[in-house]
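Student: sequence unavailable; structure follows:
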């Protein structure tokens, strides 16, 4: 199961990429003397579009085979087993999933509304003591 980004985040990355590419193209075409920064604009634009495509394909979180993985471009993804989680903290809208050795922070502001509901269901279903989860006494259907 994939926990999706908000569409706004994806669209912003795409628009920024296209703006940088257009700026770079106009700069390269209109200037008689081409500087390295003109190509830098194109590179930045391509990176933004690449980031958009990566996020579109992989989304924010992937939950499968008893693990939760935070997908990160440039190798910054983290992965923990759901069965090893012994504490879930909620602070300022973010979830911090803790195991004995690892910690995974989830920014709920980046998550699509429907996907957040699914994530809450999964986290509420973990067998944790009531003092170690913000989902105690709540019902998620």
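Tutor: Yes, it's here. It should be emphasised that the depicted structure is a prediction, and the values quoted were computed from it without experimental measurement. Residues are numbered from 1 along each chain as shown.

Student: using the three-state scheme, assign whatever residue is furthest in space from the centre of the chain.
Tutor: Outermost residue of the chain with respect to the C-alpha centroid, by C-alpha atoms, centre = their mean, is residue 32; its distance is 41.2 Å. Secondary structure state of residue 32, per DSSP: H, G, I helix; E, B strand; the rest coil, is coil.

Student: for residue 21, see how far away it is.
Tutor: Using C-beta to C-beta, to the nearest Å, residue 32 is found at 21 Å from residue 21. In short, each C-beta sits where N, CA and C put it, glycine included.

Student: same check on residue 133?
Tutor: Residue 133 sits 45 Å away from residue 21, going by C-beta to C-beta.

Student: could you pull out the buried residues of stretch 91-109?
Tutor: Buried positions in stretch 91-109, judged by neighbour count with 16 or more other C-beta atoms under 10 Å: 95, 97-98, 104, 106, 108.

Student: those: which two are farthest apart?
Tutor: In these, the most distant members under the criterion C-beta to C-beta are 98 and 108, with 16.4 Å between them.

Student: count of neighbours near the nearest residue in space to residue 71 that is not next to it in sequence?
Tutor: Computed as C-beta to C-beta, 6 or more residues apart in numbering, the closest residue to residue 71 that is not its neighbour in sequence is residue 58, at 4.2 Å. A count of neighbours around residue 58, defined by other C-beta atoms under 10 Å, yields 16.

Student: residue 58 touches residue 69, doesn't it?
Tutor: No. In this structure residue 58 lies outside contact range of residue 69 using C-beta atoms under 8 Å: 9.3 Å.

Student: who are the contact partners of the residue positioned nearest the centre of the chain?
Tutor: Among the residues of the chain, residue 60 comes closest to the average C-alpha position under C-alpha atoms, centre = their mean, at 3.3 Å. When contacts are counted by C-beta atoms under 8 Å, 6 or more residues apart in numbering, residue 60 is found next to 2-5, 70-71, 110-111, 115.

Student: same thing but at 10 Å, please
Tutor: 2-6, 9, 69-72, 106-108, 110-112, 115, 119 (C-beta atoms under 10 Å, 6 or more residues apart in numbering).
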